[in-house]
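Colleague: here is the input, now give the coordinates:
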Amino acid sequence: MNLWLRNLILLIFMLAASGFALALRPTQKIADEGLVINLETIIPRTFGDWREEQQNSAQIVDPQQQELISKIYTQTLSRTYVNTRGYRIMLSIAYGDDQRDSMQMHYPEVCYPAQGFSLQAKQRGELTTANGSIPVTRILTNLGPRDEPVTYWTTVGDKVFQGGIQKKLAEMSYGLNGQIPDGMLIRISSIDGDATTAYKIQTMFADQMLHALTPEYRQKLNGNL
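Modeller: Numbering: from 1, shown residues only. Purely as a prediction, here's the structure:
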């Protein structure tokens with residue numbers, strides 16, 4: 001085989017590979033086809049034993065962190081809820097309509113230390129609700145006298161994932177169908193020196209919140225259980 005013919009064959013293979021990759025590139029955002037996401041209206045301000053507390057400064061948001069979050073996510077929601085016993089829960093939900101590799105989620109175990117908190121512990125667990133169990137991550141953070149146990153979970157499309165490998169597999173599953181997945185990070189925390197009690201109350205809060213949602217939006221938050 002002469003050099004000219006070999007180079008021609010290589011060029012044909014390269015062009016074919018490039019065309020194949022382009023054909024498989026996802027182009028359709030599932031956010032444009034499915035439910036309209038408006039976090040302010042999806043999440044009720046009162047549900048179960050909880051109501052939104054209008055005036056509360058418990059959450060700490062660094063301006064630089066907020067700028068980064070605004071670049072990654074399409075919408076964010078931050079509220080403080082209080083129950084009839086005066087226990088406060090901080091709810092934070094971040095939604096992005098494009099959750100490919102170029103738009104990585106901003107995880108609490110990174111976000112909290114960036115704001116001066118120390119990360120005391122991290123573990124995976126299950127959040128049991130009336131509509132099924134959700135795989136979650138729990139972290140324990142500290143800033144001076146403030147102990148803040150955190151429960152969070154993340155979704156890609158209609159799937160809950162834990163860790164980068166599961167996220168990548170979920171993205172690939174959508175990508176093979178030509179779809180660009182959206183995603184959410186749902187974070188629940190409270191200022192409490194007793195982490196065990198905090199996680200139990202956070203579980204009850206999540207259960208009551210999800211129960212108060214319409215079925216289609218509940219599936220969007222709990223991973224279509």
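
Colleague: okay, CA-based contacts and neighbour counts for the rest of this
Modeller: Will do.

Colleague: for residue 81, which non-adjacent residue is spatially closest?
Modeller: residue 52 (4.3 Å; Cα to Cα, 6 or more residues apart in numbering).

Colleague: how about the strands in this protein?
Modeller: Listed in chain order, the strands of the chain (DSSP state E) span 28-29, 46-47, 50-52, 75-83, 88-96, 118-129, 132-143, 146-156, 159-161, 179-180, 183-189.

Colleague: so which of these comes closest to residue 199?
Modeller: When the strands of the chain are compared by Cα to Cα, strand 146-156 sits nearest residue 199, at 7.1 Å.

Colleague: list the contacts of residue 207.
Modeller: Contact analysis of residue 207 by Cα atoms under 8 Å, 6 or more residues apart in numbering lists 128-130.

Colleague: who wins for neighbours among those?
Modeller: In terms of neighbours by other Cα atoms under 10 Å, the contacts of residue 207 top out with residue 129 at 18 neighbours.

Colleague: who are the contact partners of that one?
Modeller: Contacts of residue 129 (Cα under 8 Å, 6+ apart): 203-204, 206-207.

Colleague: as TSV, these with distance to residue 95 and pLDDT would be great.
Modeller: Shown next, in TSV, are these (distance: Cα to Cα, whole Å; pLDDT from 0 to 100):
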residue	distance to residue 95	pLDDT
203	21	97
204	23	97
206	17	97
207	20	96
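
Colleague: can you tell me which of the residues you listed is nearest residue 190?
Modeller: Of the contacts of residue 129, the one sitting nearest to residue 190 (Cα to Cα) turns out to be residue 203, at 11.6 Å.

Colleague: now that closest one. Nearest residue, chain neighbours left out?
Modeller: Per Cα to Cα, 6+ apart, closest to residue 203 is residue 127, 6.1 Å.

Colleague: before we move on, what about residue 93?
Modeller: residue 186 (4.6 Å).

Colleague: burial of the one you found, as a residue count?
Modeller: Residues near residue 186, counting by other Cα under 10 Å, number 20.

Colleague: any idea how far residue 156 is from it?
Modeller: Per Cα to Cα, to the nearest Å, residue 186 is found 12 Å from residue 156.

Colleague: circling back: how about the strands of the chain in TSV, adding distance to residue 222?
Modeller: Shown next, in TSV, are these (distance: least, Cα to Cα, whole Å):
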stretch	distance to residue 222
strand 28-29	20
strand 46-47	17
strand 50-52	19
strand 75-83	17
strand 88-96	13
strand 118-129	10
strand 132-143	7
strand 146-156	8
strand 159-161	7
strand 179-180	19
strand 183-189	10
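
Colleague: of all those strands, which lies closest to residue 38?
Modeller: Using Cα to Cα, these put strand 75-83 closest to residue 38, at 7.9 Å.

Colleague: against residue 80, how distant is the closest residue to residue 74 other than its chain neighbours?
Modeller: Distance criterion Cα to Cα, 6+ apart; nearest residue to residue 74, sequence neighbours excluded, is residue 96 at 4.7 Å. Residue 96 is 22 Å from residue 80, where distance means Cα to Cα.

Colleague: and what of residue 148?
Modeller: 14 Å.

Colleague: ok, the residue found closest to residue 210 once you drop the neighbours it is linked to in the chain - how many residues close by?
Modeller: Excluding its sequence neighbours, the residue lying closest to residue 210 (Cα to Cα, 6+ apart) is residue 218, at 5.7 Å. When neighbours are counted by other Cα under 10 Å, residue 218 registers 19.

Colleague: got any ranges where the chain has weak pLDDT?
Modeller: 1-32, 56-72, 99-105, 163-175, 177, 224-225 (pLDDT under 70).
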